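Chemist: Okay, here's the prediction I keep looking at, along with the sequence it came from:
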Amino acid sequence: MSEKDKEVGYITSLSKPVKGCAGDTGEWRVFRPVKDGEKCNECLLCWVFCPEASISREDLEIDYQYCKGCGICEVECPTGAITMVKEEKR
Amino acid sequence: MRVLETGNHLVALAARVAGVEVVPAYPITPQTQIIEKVADLIAEGEMDAEYIPVESEHSACAALVAASLTGARAFSATSSHGLAYMHEMLHYAAGIRAPVVMANVNRALGPGWNIWCDHQDSISQRDTGWLQVYVASHQEVADTVIQAYRITEDHSVLLPLMLNLDAIVLSHTYMDAEVPDGEQVSRYLPPYRPLWKLDPRFPVTHGSVVYPSDFSETRQSMQEGQDNARVAVRQAAREFKEIFGRWHGDLVDEYRLDDAEHVIVAMGSLAAESRVAVDRLRGDGHKAGVLRVRFFRPFPFDELRELCEGRKSLLVIDRDFSYGMEGALFTEVKSALFGHVSVSIKSLIVGLGGRDVTYELIGEMTLKAARGELDGVTWGDSHITGAHRVTMECLDEFKKILDN
Amino acid sequence: MVSFKELPEEELFLAGSTACQGCPASVALRIAFKALGRNTILLVVASCTSVLQGSYPLSAIDLPLVNVLFATGGASASGVSAGVKALVKRGELEEEPNVLVWAGDGGTYDIGIQSLSGAAERETDFIYVCYNNEMYSNTGTQRSGATPLGAWTTTTPAGKIHPRKDIAQIMIAHRIPYVATVSLAYPLDFYQKMLKAKDIRGTKYIEILAPCPPGWKFPSSQMIEVSRMAVQCGMWLLYEHEDGETRFTAATKRIIEGKVKKRPVKDYLEIQGRFSQILASKEGKEAEDLLEQEVSESIRRLHGWVPEYI
């Protein structure tokens, strides 16, 4: 082992919290949620229900870097402001 | 403080002065007096520790490790089936590097149901990564509890320690011993300072999934911890002698080894018994000595190689057996000496299930080993007795019923 | 009554974890952490959460967390609780943090029941959350003691022939100060129950129904709707038990009071693929009836009687 390897770091697994620990999980999407701002009544349901914490509380915009496209926001939005649209090929 | 106490009570009294803060406790014969004494000391206001009366040994080890991970000095005790029950937790404790200390009162595993002394319980756990020490006297019981935390909490070690004491022989008999006072102990043993701990100021995830790419190093690090423990054990013993004036050996303990030609290698109280055998043999003109393996993990390779060089014969006593192979100490002694020291080594299996072992038997076997009269492995005085005839009779009767 | 606007904004369960799309545990963790805040030590019992938190060296959970062995949720909590008490005594911690155990139904109903029971009897001061997806999800959706009658799992491929346990009732029998059941479809009810638990001393047990899209076989987008239907048909009753009294809450309360009609269990079974086999079989009607009976029996046990309009 190198000198650096001999430092305390390997004693046991200690992990640091970070966003995107599974990478850019937005790449998992088959469908992406698209928001129609005019229909949004800011009820905050989409923010509460998003499993990925990928809808911002402040402006209720979707973070496409991590959104996995589960579709819960479309189903739960009471005004139909969110639509799931087929993801473009990348 | 000079006391007349059992080994079990001495464990509790020493744990108190060692400043343990959390004690999860589950009873099992012959350990019960340890946890009862701790409960008494707390109830009488003489010990300030959190007592957790858990509902099983597996939970005892879980609570023990969890408490340690918050930064508290934690202690527990068990025996035999209790130790076996917590087996997966033992791996966990070592893998998560919790420097806990657990007294194990060495007792046979059943069936048949047996509450007396042998080493099968702790020997069966030798692969878990725990340090293992085998004590041989009441004084050593008390002193080693205190040395234990010096060793485990050393930042280069950080591995849990199993303190083994023989059932009944040490746990239940009364001897006089000195229990150091708290002030002296605090000079020897500082408060526990963890390298990391569960603390809201420190949001870190412990023990999550580790892929093959990173796993091996955690295990290599455990082996490093064991290697570093050799240094820590020697240092702990040396400094203990300086402050308290008592010496029980470090990784090994020697008795009349200097010019010994015939060496008995043993652990626990049988090694103490062997001293009596050695004195008698010496009286008859035989140059015998005892090499007591005190720390079984880490295994004292260097000491064995050095101290077995130039001897005529070794007799390794095992109070355990690895079925399908040999007595564990026998195997490991041979492994340590292979390629380094060439000497006749014979194995004696005795004392299983608490059968009494006399110094006469030890002496007789040592001489037989010296004369080359023993097979590789000798099962002490074990043979089918009249009592086992009853089992045979039952089997015969069953056979008659099943055949009809 | 709290509104969504009062839910803290800070996320302690971070985006981009290894959880499946639509994972109920993700939503549950987010809401639970909002209620408890940063002064929390988290113990994760072997479950999906052990894996969805990410692997070394990265984690999705911004709290001090230890992953503990499957059977040890309760006992580990007792250890942590004793440890922090000792540290406060020693002056190294100012106050005892919240101690939260997060376990699945496997680690609670089956292998972990002993240590949970022991911790409750010892009145260990902690919150035990069981997020119940009615099977061993992490190992690939095998049956657990929480799997309902008739449900498909990989180890009950013809549908489970035994009814499920009711651990919340068992915890009530332990005489602990707080027991509550919650559903993700009623997030404010969940949040408020967590807040309440936080301020009570002793053992608090909260169970969340966690509909798992791959295991229950429904599209991930339906996760909240399935959580809702479970409550609407009575297969998941929302209540809290405190000071010797059981009180229904949210939609269950409305059903018991006759303000809203209970939906038939059939509606709930039909939207999940895990029941399609049993429903199509000749045992289908019997299974449905037995499940309706189970609902009535649970209501009777909690409420004393079953209102005739249910």
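Modeler: All right, it came through fine.

Chemist: What residues of stretch B:350-365 count as buried?
Modeler: For stretch B:350-365, the neighbour count (16 or more other C-beta atoms under 10 Å in any protein chain shown) marks B:350-355, B:357, B:359, B:361-363, B:365 as buried. To be clear about C-beta, it is placed using only N, CA and C from the backbone, and glycine gets the same treatment.

Chemist: In helices, which of those appear?
Modeler: Judged by DSSP state H, helices contain the following of the buried residues of stretch B:350-365: B:359, B:361-363, B:365.

Chemist: Just put the buried residues of stretch B:350-365 in TSV and tack on distance to chain A and pLDDT.
Modeler: Output for those, formatted as TSV (distance: C-beta to the nearest C-beta, whole Å; pLDDT from 0 to 100):
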residue	distance to chain A	pLDDT
B:Val350	40	96
B:Gly351	37	96
B:Leu352	37	96
B:Gly353	38	96
B:Gly354	38	96
B:Arg355	42	94
B:Val357	41	95
B:Tyr359	45	96
B:Leu361	46	96
B:Ile362	42	97
B:Gly363	47	97
B:Met365	44	96
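
Chemist: give the contact list for B:Ser186.
Modeler: Applying C-beta atoms under 8 Å, 6 or more residues apart in numbering or on different chains, one finds that B:Ser186 lies in contact with B:Gly19.

Chemist: Now do the SS call for it.
Modeler: helix (DSSP: H, G, I helix; E, B strand; the rest coil).

Chemist: pLDDT wise, what is it at?
Modeler: Reading off the confidence values, B:Ser186 has pLDDT 95.

Chemist: C:Val80 reaches B:Gly71, doesn't it?
Modeler: No: using C-beta atoms under 8 Å, C:Val80 is not in contact with B:Gly71; the gap is 10.6 Å.

Chemist: More neighbours: those two, which one.
Modeler: C:Val80 (34 against 23; other C-beta atoms under 10 Å in any protein chain shown).

Chemist: residue contacts, the more buried one?
Modeler: Going by C-beta under 8 Å, 6+ apart, C:Val80 touches B:66-67, B:69-70, B:198, C:41, C:43, C:66, C:99, C:126.

Chemist: Wait, C:Ala230 touches C:Trp236, no?
Modeler: Yes: if you go by C-beta under 8 Å, C:Ala230 and C:Trp236 touch, sitting 3.9 Å apart.

Chemist: So which elements touch the helix of greatest length in chain B?
Modeler: Criterion DSSP H: the longest helix present in chain B is helix B:212-244. Counting contacts by 3 or more C-beta pairs under 8 Å, 6 or more residues apart in numbering or on different chains; DSSP states H and E, helix B:212-244 packs against helix B:87-95, helix B:138-152, helix B:182-188, strand B:295-297.

Chemist: buried ones in stretch B:297-313?
Modeler: B:297-301, B:303-304, B:307-308, B:311, B:313.

Chemist: Closest one to chain C out of these, please.
Modeler: If you rank the buried residues of stretch B:297-313 by distance to chain C using C-beta to the nearest C-beta, B:Arg297 comes first, at 21.9 Å.

Chemist: Strands along chain A, start to end?
Modeler: For chain A, applying DSSP state E gives strands covering A:14-17, A:31-35, A:82-86.

Chemist: so does the last one get close to chain C?
Modeler: Yes: with C-beta under 8 Å from any C-beta of the partner chain as the threshold, strand A:82-86 lies in contact with chain C, specifically through A:Met84.

Chemist: For that strand, which strands pair with it and how are they oriented?
Modeler: Its sheet considered, strand A:82-86 pairs with strand A:31-35 (antiparallel) by DSSP bridges.

Chemist: returning to what we had before: keep only those of the buried residues of stretch B:297-313 that are in strands.
Modeler: Going by DSSP E, the strands hold B:297, B:313 from the buried residues of stretch B:297-313.

Chemist: Let me know the closest of the buried residues of stretch B:297-313 to B:Arg150.
Modeler: When those are ranked by distance to B:Arg150 (C-beta to C-beta), B:Pro298 comes first, at 15.4 Å.

Chemist: Tell me how many other residues surround the residue nearest to the closest one when sequence neighbours are not counted.
Modeler: Using C-beta to C-beta, 6 or more residues apart in numbering or on different chains and skipping the chain neighbours, the partner closest in space to B:Pro298 is B:Gln226 (4.3 Å). Residues lying near B:Gln226 (other C-beta under 10 Å) number 18.
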